[in-house]
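K.L.:
Model the structure of this input:
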Amino acid sequence: MRLPMSLSEIGPRVSAGAFILNSGLGKRAADEQTAESLQNFAAGTYPFVKKLPPQQFVKLLAYTEIGIGAALLAPIVPTAVAGAILTVFSGGLLGLYLNTPGMRKPGSLAPTPEGLALAKDVWLLGIGVGLLTYGTVEREPRQVRRAAKTLARANKRAVRAARRRS
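P.N.:
Numbering: from 1, shown residues only. Below is the predicted model:
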């Protein structure tokens, strides 16, 4: 029996998925002050989040993280899809790092002590891009080739059977 994902995918998907799922579960019960703090921080880079009430924003963030974590952990989610979701999510986190004043040393991509918590999310981007690449360039084409070979064998059998009948 073939696993729905390769052994090389399990480590990255489980590490990123469990991390993000845990983060989302922790935000579900955020108090008003935490919700406002998270919203204000995000609004510095993404002003549209100010349109939501703080509690609604933090619940949306929590359930988004839970969904992303679950998608990464679920073997039925195709690798390319999981990679795309993680790449977009981590890109948003890195947007916060790059666009929030005080997160980076002046004139550099190097983080300040305050920016280290966001800068480390570059590993999520690396995992996302890796899964996306693996899922679109390596894994799915192999599955297509395998299916094409199976179809070709079935076609040959059908041709042989037709020749025998005629």
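K.L.:
contacts, neighbours, all on C-alpha from now
P.N.:
Fine.
K.L.:
Give the residue spans of this protein that score low on pLDDT.
P.N.:
Residue ranges of the chain with pLDDT under 70: 1-4, 139-148, 162, 166.
K.L.:
could you redo the last one with a cut-off of 90?
P.N.:
For the chain, the stretches with pLDDT under 90 are 1-8, 76, 78, 80, 117-121, 134-166.
K.L.:
Can you show me the helices along it?
P.N.:
7-27, 32-43, 54-73, 79-99, 116-119, 122-133, 140-165 (DSSP state H).
K.L.:
Of these, which is nearest Ser108?
P.N.:
When the helices of the chain are compared by C-alpha to C-alpha, helix 79-99 sits nearest Ser108, at 10.1 Å.
K.L.:
In contact with the closest residue to Gly95 other than its chain neighbours, which residues are there?
P.N.:
Spatial nearest neighbour of Gly95, excluding adjacent residues (C-alpha to C-alpha, 6 or more residues apart in numbering): Thr45 at 7.3 Å. Taking C-alpha atoms under 8 Å, 6 or more residues apart in numbering, we find Thr45 in contact with 95-96, 99-100.
K.L.:
All set now, cheers.
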